[in-house]
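Asker: Sequence plus the predicted model coming up.
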Amino acid sequence: MFWPVSADFANLTALPAADSLRILQLRLIIARAAQSDSMRWWADNSLTPDATLLLDRLFPRSIEQSRKRLALHAARARHHAELDSMPGAVHLFDLGDVVEFEIAKRFQHDSFPDFPASSITSIEELTATLADLLGHSSPRPVNREQTGRVREIEIDRQLTPFQAAELLAWSYLANDAGGPVLPFFRGRR
């Protein structure tokens with residue numbers, strides 16, 4: 001079941017272009033780490049070299065955009081499937097209706113940012129990739145509770161959408177080789 005979510009971002013009237021871009025970059029890094037040639041967190045090959053062969057035939061004019069959109073849709077679907085029973089769950093691939101509308105509006109016709117071309121095969125590589133993008137190391141999110149493959153984290157309600165996305169991205173570092181632990185926080189329905 002889909003739950004419309006508001007993440008309660010303080011008085012958000014417009015998402016700055018730089019924040020939209022960086023949120024998408026964070027999403028693509030995590031999606032790349034999840035690929036079948038990386039840490040295999042979910043069944044998706046859209047950002048792997050193998051996908052190029054297939055998608056080039058289907059989308060010859062827009063292969064890179066198609067690969068990125070497909071990877072983001074797969075990641076969002078995986079998160080929604082795992083978090084379905086948790087009304088109000090806000091995660092990296094769905095930061096609430098207002099933020100998602102702003103991102104979709106901005107990138108409806110614009111190019112998506114690049115993603116790491118090579119596989120990300122370890123938590124150490126993921127840490128380095130995130131640190132390269134963000135310019136600092138992990139702030140160590142506070143975990144509230146973990147149930148199965150999902151982990152609720154505490155979040156300051158005064159954070160911007162980008163800051164929340166950053167904290168959620170760093171939270172994937174708690175994953176192990178056995179599979180993903182999907183971080184989220186509670187918004188309101």
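Answerer: Good, I have the coordinates. Numbering: from 1, shown residues only.
Asker: Find out how far the helix or strand containing residue 171 is from the centre of the chain, if you would.
Answerer: For residue 171, the element it lies in under DSSP states H and E is helix 161-171. The gap between where helix 161-171 is centred and where its chain is centred comes out at 9 Å by C-alpha atoms, centre = their mean, to the nearest Å.
Asker: after it comes which helix or strand?
Answerer: Following helix 161-171 toward the C-terminus (DSSP H and E): strand 182-186.
Asker: can you tell me how far the residue of the chain most remote from its centre sits from residue 66?
Answerer: Distance from the C-alpha centroid of the chain peaks at residue 57, with 27.0 Å (C-alpha atoms, centre = their mean). From residue 57 over to residue 66 the distance is 11 Å, taken as C-beta to C-beta, to the nearest Å. To be clear about C-beta, it is placed using only N, CA and C from the backbone, and glycine gets the same treatment.
Asker: for residue 31, same thing?
Answerer: According to C-beta to C-beta, residue 31 and residue 66 sit 14 Å apart.
Asker: So in this structure, where's the weakest helix or strand by average pLDDT?
Answerer: Using mean pLDDT, DSSP states H and E, strand 143-147 stands out as the lowest-scoring helix or strand of the chain, at a mean of 69.
Asker: in stretch 17-29, what's buried?
Answerer: 19, 20, 21, 22, 23, 24, 25, 26, 27, 28, 29 (16 or more other C-beta atoms under 10 Å).
Asker: Put the alpha carbons of that stretch into CSV.
Answerer: Extracted in CSV, the C-alpha atoms of stretch 17-29 (Å, rounded to 0.1, in the frame of the first residue of the first chain):
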residue,chain,number,x,y,z
ALA,A,17,18.7,23.3,-7.5
ALA,A,18,22.0,22.4,-5.9
ASP,A,19,20.2,20.3,-3.2
SER,A,20,18.1,18.5,-5.9
LEU,A,21,21.2,17.6,-7.7
ARG,A,22,23.0,16.3,-4.6
ILE,A,23,20.0,14.3,-3.5
LEU,A,24,20.0,12.6,-6.9
GLN,A,25,23.7,12.0,-6.7
LEU,A,26,23.3,10.3,-3.3
ARG,A,27,20.5,8.2,-4.6
LEU,A,28,22.6,7.1,-7.6
ILE,A,29,25.6,6.2,-5.4
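Asker: Need the contact partners of it.
Answerer: 47, 68, 71-72, 75, 92-93, 95, 99, 102-103, 106-107, 112-116, 120, 126, 129-130, 133, 160-162, 165-166, 168-169 (C-beta atoms under 8 Å, 6 or more residues apart in numbering).
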